[in-house]
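Peer 1: How does the following fold in three dimensions:
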Amino acid sequence: MPPARPRTLRLRTLLGAFSLDVGLAVLIALVTGLALGFAWGLWRVFEIARAGAGTTDLAALGEPGVLAQLVMTVLSTSAAALLLYFLRRPASATERRQSAAAMRDPATWAWAVSGGAVVFLGSSLIAYLTSLTGIEPEPTNLAMVDAAMKQCPLFLALFAVVLAPAYEELLFRRVLFGRFLEGGRPWLGIVLSSLAFALVHEIPGTSANPPLAMLQLWLVYGGMGAVFAWLYWRTGSLWAAIVAHGLNNGIALVVHSLA
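Peer 2: This is a model prediction of the structure:
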C-alpha cells in the first residue's frame, strides 16, 4: 500500500536505493538459482547411482526438465522478492489497513480487470502493428511455455496466472516502484521499474532476435510494467496489480494454446 502522504526525497538517495535493490535482487536470484541447480545435479547423480549406471560422465546428468526449470524460476525469483520486501520495504500496520480498505472497494477490482484487459489488448496491437513491418520477435520464454503446455499444463497455468504475477508485482511494484512512490517521484519510478521489468524478461545478449525485435519486446514488457505500476498507485493496493497481471497472463496463455 502506498503511503498516504509521500515525502519528496533527494534524487540521489532514491537512485542509490533503487540501484541497491536491483543489485541485491539479481544477486539473490543468481545465488538461489545456482544452489537449486547444484541440488538438482546432486539428485541426478543419486538417481544414476541408484540405477546402477556406473558412469561418471557429466553428460549423463542431462538438463533439468521444463517442470524443474519452472520450479527453479519460481523459487529463485520469489526468494529475491520476499527477501527484499521483508528486509528493505516491509509494509507497516497502517499500510496493511489501507490496502485492506482498498480491497473492499469495488472500484479496485474494476480497475484491476480493466488494466489486465488493456495490457493484453495493447500488447496484441503492438505485436500486430510491428508484424506489418516484417518484425516477428520470439520471446525467450516461448520454447519453455510450449514445452510446459505439453508436459505440465496445470503447473504452467498456476505459474503464469498466480505465482509469477505475485512475486513479480511484489518485487517490481512494491519494492522498486514503491520506493519512488514513497519518495514523491512516482513518474520516475514508473519509468525505471518498468525498464527493469522489461530487461529482466528479455535480457540483452541472450536472444537471437534482431535489435528492432528486441525493442518491440521491451516496449511490450515496459508498457505492461507501467500499467501495473499505475494500477498500484491509482488503487492503493498491490492486489490490483497482481490481479491485472494474472489476468493478462491467463488470457495470453489461452490464446497461445488455441493458436
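
Peer 1: ok, V161 - contacts?
Peer 2: V161 makes contact with 246, 249-250, 253 under the criterion Cβ atoms under 8 Å, 6 or more residues apart in numbering. Bear in mind the C-beta positions are built from the backbone N, C-alpha and C, glycine included.

Peer 1: From the residues you listed, list just the buried residues.
Peer 2: The neighbour-count test (16 or more other Cβ atoms under 10 Å) applied to the contacts of V161 identifies 246, 249-250, 253 as buried.

Peer 1: Of those residues, which is the nearest to A143?
Peer 2: L253 (14.9 Å; Cβ to Cβ).

Peer 1: Mind checking what secondary structure the residue nearest to the closest one when sequence neighbours are not counted has?
Peer 2: For L253, ignoring the flanking residues on the chain, the nearest one in space by Cβ to Cβ, 6 or more residues apart in numbering is A160 at 5.3 Å. Here A160 takes the helix state, with states given by DSSP: H, G, I helix; E, B strand; the rest coil.

Peer 1: For A160, report the pLDDT, please.
Peer 2: Per-residue confidence for A160 comes out at a pLDDT of 96.

Peer 1: and it, how many neighbours?
Peer 2: As a burial measure, the neighbour count of A160 was computed by other Cβ atoms under 10 Å and equals 21.

Peer 1: now swap in T32 and tell me
Peer 2: As a burial measure, the neighbour count of T32 was computed by other Cβ under 10 Å and equals 18.

Peer 1: Check H245 too.
Peer 2: Applying other Cβ under 10 Å, we find 28 residues neighbouring H245.

Peer 1: Next secondary structure after the host helix or strand of Y167?
Peer 2: Per DSSP states H and E: Y167 is located in helix 164-168. Proceeding C-terminally, helix 164-168 gives way to helix 178-182 as the next helix or strand, assigned by DSSP H and E.

Peer 1: Report the buried residues of the biggest helix by length in the chain.
Peer 2: Ranked by residue count and defined by DSSP state H, the top helix of the chain is helix 11-50. Counting neighbours by 16+ other Cβ under 10 Å, one finds that the buried residues in helix 11-50 are 14, 17-18, 21-22, 24-25, 28-29, 32-33, 36, 40, 44, 48.

Peer 1: centre of the chain versus it, how much separation?
Peer 2: What separates the centre of helix 11-50 from the centre of its chain is 15 Å, taken as Cα atoms, centre = their mean, to the nearest Å.

Peer 1: what ranges do the helices span in the stretch 1-150 of the chain?
Peer 2: In the stretch 1-150 of the chain, helices defined by DSSP state H, counting those that start in this stretch lie at 11-50, 66-88, 93-103, 106-131, 142-151, listed in chain order.

Peer 1: For the third one, name the packing helices and strands.
Peer 2: Here helix 93-103 touches helix 238-258, going by 3 or more Cβ pairs under 8 Å, 6 or more residues apart in numbering; DSSP states H and E.

Peer 1: just to revisit the earlier point, any idea how far the residue nearest to L253 is from S193?
Peer 2: Look at A160 and S193: by Cβ to Cβ, to the nearest Å, they are 21 Å apart.

Peer 1: Average pLDDT for stretch 39-51, rounded please.
Peer 2: For stretch 39-51, mean pLDDT rounds to 82.

Peer 1: and what of stretch 177-191?
Peer 2: Per-residue pLDDT values across stretch 177-191 average out to 94.

Peer 1: what sits up against it?
Peer 2: Surrounding stretch 177-191, the residues in contact under the criterion Cβ under 8 Å, 6+ apart are 2-3, 6-9, 11, 13-14, 17-18, 21, 89, 176, 192-193, 225-226, 229-230, 232-233.

Peer 1: which ones are touching G62?
Peer 2: The neighbours of G62, taking Cβ under 8 Å, 6+ apart as the test, are R44.

Peer 1: Tell me the spacing between it and A51.
Peer 2: G62 is 13 Å from A51, by Cβ to Cβ.

Peer 1: How many residues are close by G189?
Peer 2: Summarising burial for G189: neighbours were counted as other Cβ under 10 Å, giving 23.

Peer 1: which one is it nearest to, not counting chain neighbours?
Peer 2: Closest to G189 by Cβ to Cβ, 6+ apart is F180, at 2.5 Å.
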